[in-house]
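Trainee: what follows is a predicted protein model with its sequence.
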Amino acid sequence: MNALSLKRTDNYGYECIELRDFVQRFKKLSLDCILNIYQSQRPVEAIIQSNRLVTTLPSDIFTIVTYDTAIMYEYQRVHSQVSMSSDLGCTLAIHLAHFLIQTLCKVHKRYRNNFYDSLERCCAAANDFLQMITLFEKWIEDFIHSHQLHRDTHRPYFLSLQSQRQELVSIYLQDAVYSAQMAHNFVMQPIQEDLSKYLFTKEWEYPSEPTYVVVTSIIKTLQDFLQDVQIFLASTFLLHKFIDSLMMAMVTFFVHQLLIKAKHIRKSVVVSKNTHRFKNSHRAASQFVNDIVTVQAYFETLIPLSPGLESSIQRHFHPLESICIFINIITSWHHAQTSLPEDILQISHVLHRIAGNVTAKFLRDLTLLFTVSSKLSNKRARKIYHRVRSNLKMIQAYETMDNYCYYSIIDETQSKLPPVLRLDQFLSLFYQRRDLKSFTI
């Protein structure tokens, strides 16, 4: 029961409470109740018929909001000067409705990051936040009807209420999407911790058994988690957002592993050791391209789950496809050729859209990885690097990243994603940290 319940007796009832005192008590106790709900840890429950995951957060919140509204109506019923039919009563009701919506916004923003400690809780939060939109819309529609606010939709207080309404719905929707996206962390965790150590190793380059392929284990992991998430999430809309974020995370994962490999090679060159290099750069490049094709093909099998995935797959795998093109050009360039292939410069333009100001460093690492010679200072690697770098300087001279960046096409929700889901931000952060650690560029 809400702590706001104001006891009515023969000697003391609502009629004994002054308006200012009522408003103060209403606000304080409403805020306390909403805070208590968000601060409480709720178990994740599975709905019996569908097995989708939820908590009691939506029902707890809007039970309180509905009860608080009933308290306000009761006060108005007792005090004729603030009855619902009077201007003062309408002003009071809208003022308190504004307060409730503002409180819901502020408290939700403050505690929303407490729901992302497991895959199950991420999925439950995504479902809960969508359900809160439904419950909130029902409450606000009942409120508007009770006060007949729809009779004059141009009055300032009504427009203000509608503006707050849209803001809260937008917050709930964005956080439902974000919760579904954050579930990718718990899928990537075993891939990063257990499977990444086998990627780009000698065993990866030359499997001891034809059936032993690292990418097969990665896809099996993705399949296992997706089976669960399909059940856990309440809508195909949320499932699409989850798969979308998973694709972005996989793209960043592969690029990150390339950079780690390049870092190990650079360190080994400094101490004049031929360690960590691929035994056969042509074979390694081919293996990497096949891995990317295989992972992309897996995500294409998911298109029936959400037709919108088709365009997402093309967009998210574009950076990896461009990297594969660059790698293939490098490993196919023969020693006898004296001039740098024009394709190198063309693909460097494309990669510049993705990597921005760190493009030259990024391409240097890719060149280092897939150069046949074991020496960092060989003419072939240096020629590619310096030609590409000078070419990028000319590009940057007349084009800014604001209108040249590949990621400028993303929507508002994606712009707020963590760096691990934004390859451009991840690359920038990676090289910033590397520079701080005084790695040789």
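Mentor: Good, I have the coordinates. Residues are numbered from 1 along each chain as shown.

Trainee: first-to-last residue distance for stretch 32-45?
Mentor: The distance separating the two terminal residues of stretch 32-45, taken as Cα to Cα, to the nearest Å, comes to 25 Å.

Trainee: give the buried residues for it.
Mentor: Neighbour-count burial for stretch 32-45 flags 33, 34, 37, 38, 42, 44 (criterion: 16 or more other Cβ atoms under 10 Å). From N, CA and C alone the C-beta is placed, and that goes for glycine too.

Trainee: what does stretch 85-100 give?
Mentor: Under 16+ other Cβ under 10 Å, the buried positions of stretch 85-100 are 89, 90, 92, 93, 94, 96, 97, 99, 100.

Trainee: list the contacts of the first one.
Mentor: Residues counted as contacts of residue 89 (Cβ atoms under 8 Å, 6 or more residues apart in numbering) are 76, 81, 82, 83.

Trainee: neighbour-wise, which one of these leads?
Mentor: Ranked by neighbour count under the definition other Cβ atoms under 10 Å, the contacts of residue 89 are headed by residue 76 with 22 neighbours.

Trainee: that residue contacts residue 82, correct?
Mentor: Yes. Here residue 76 reaches residue 82: they are 5.3 Å apart, a contact under Cβ atoms under 8 Å.

Trainee: rewinding a little: which one among the buried residues of stretch 85-100 gets closest to residue 309?
Mentor: Checking these against residue 309 with Cβ to Cβ, the nearest one is residue 100 at 38.5 Å.

Trainee: pretty sure residue 27 is one of the things that closest one touches, is it not?
Mentor: No. Counting by Cβ under 8 Å, residue 100 does not reach residue 27; the two are 9.1 Å apart.

Trainee: circling back to that earlier point, filter the buried residues of stretch 32-45 down to the ones in helices?
Mentor: Secondary structure assignment (DSSP state H) places 33, 34, 37, 38 from the buried residues of stretch 32-45 within helices.

Trainee: show the pLDDT at the last one.
Mentor: Spelled out, it's residue 38. The score at residue 38 is 96. That number is its pLDDT.

Trainee: let me see the domain layout of this structure.
Mentor: Recorded structural domains for the chain (assignment: automatic domain parsing) are 14-178, 183-436.

Trainee: weakest of those by average pLDDT?
Mentor: Looking at the domains of the chain, the weakest mean confidence is domain 183-436, a mean of 82.

Trainee: residues contacting residue 133?
Mentor: Contact partners of residue 133, counting by Cβ under 8 Å, 6+ apart, are 169, 172, 173, 176.

Trainee: mind listing the helices for the stretch 1-150 of the chain?
Mentor: If DSSP state H, counting those that start in this stretch is used as the criterion, the helices of the stretch 1-150 of the chain fall at 19-39, 57-78, 87-111, 119-146.

Trainee: which one of these lies closest to residue 320?
Mentor: In this view, the helices of the stretch 1-150 of the chain are compared for proximity to residue 320 by Cβ to Cβ, and helix 119-146 is the closest at 25.1 Å.

Trainee: any buried residues in that closest one, and which?
Mentor: Of the residues in helix 119-146, those buried by neighbour count under the rule 16+ other Cβ under 10 Å are 119-133, 135-136, 139-140, 143-144.

Trainee: please apply the same query to stretch 224-236.
Mentor: Burial within stretch 224-236, assessed by neighbour count using 16+ other Cβ under 10 Å, is assigned to 225, 226, 228, 229, 230, 232, 233, 234.

Trainee: the third one: what's its closest spatial neighbour, skipping adjacent residues?
Mentor: Using Cβ to Cβ, 6 or more residues apart in numbering and skipping residues adjacent in sequence, the residue nearest residue 228 is residue 119, 7.3 Å away.

Trainee: now do the strands in this structure.
Mentor: Using DSSP state E, the strands assigned to the chain run over residues 45-46, 53-54.

Trainee: so which of those strands is the most packed in?
Mentor: Neighbour counts (mean count of other Cβ atoms under 10 Å) averaged over each of the strands of the chain peak at strand 53-54, with a mean of 24.

Trainee: got the contact list for that one?
Mentor: Judged by Cβ under 8 Å, 6+ apart, the contacts made with strand 53-54 from elsewhere in the structure are 44-47, 120, 123-124, 127-128, 131, 232-234.

Trainee: okay, now the sheet partners of that strand, with direction.
Mentor: Listed by DSSP bridges, the sheet partners of strand 53-54 and their directions read strand 45-46 (antiparallel).

Trainee: returning to that earlier point: could you work out the most separated pair of the contacts of strand 53-54?
Mentor: Checking these with Cβ to Cβ, the most distant pair is 120 and 131, at 16.2 Å.

Trainee: can you mark which positions in the lengthiest helix in the chain are buried?
Mentor: Of all the elements of type helix in the chain, the one with the most residues (DSSP H) is helix 236-270. The neighbour-count criterion (16+ other Cβ under 10 Å) identifies 237-259, 261-263, 265-266, 268-269 as the buried residues of helix 236-270.

Trainee: try stretch 72-81
Mentor: With burial defined by 16+ other Cβ under 10 Å, the residues of stretch 72-81 counted as buried are 72, 73, 75, 76, 79.

Trainee: and what of stretch 51-63?
Mentor: Along stretch 51-63, these residues count as buried under the neighbour rule (16+ other Cβ under 10 Å): 52, 53, 54, 55, 57, 58, 60, 61, 62.

Trainee: contacting residues for the last one?
Mentor: Just to be clear, that refers to residue 62. Taking Cβ under 8 Å, 6+ apart, we find residue 62 in contact with 132, 135, 136, 139.

Trainee: thought the last one was touching residue 65?
Mentor: Yes. Using Cβ under 8 Å, residue 139 makes contact with residue 65 at a distance of 5.9 Å.

Trainee: against residue 150, how distant is residue 288?
Mentor: Counting by Cβ to Cβ, to the nearest Å, the gap from residue 288 to residue 150 is 61 Å.

Trainee: so between these two, which is more surrounded?
Mentor: Under the neighbour definition other Cβ under 10 Å, residue 288 and residue 150 were set side by side, and residue 288 has more, 26 against 10.

Trainee: can you get me a residue count around residue 117?
Mentor: Residue 117 sits with 12 neighbouring residues when counted by other Cβ under 10 Å.

Trainee: if I look at residue 167, how far off is residue 61?
Mentor: Where residue 61 is concerned, residue 167 sits at a distance of 16 Å (Cβ to Cβ).

Trainee: ok, now residue 328?
Mentor: For residue 328, the distance to residue 61 (Cβ to Cβ) stands at 55 Å.

Trainee: ok, now residue 90?
Mentor: 25 Å.

Trainee: check residue 362 too.
Mentor: Spatial separation of residue 362 from residue 61 under the definition Cβ to Cβ is 46 Å.
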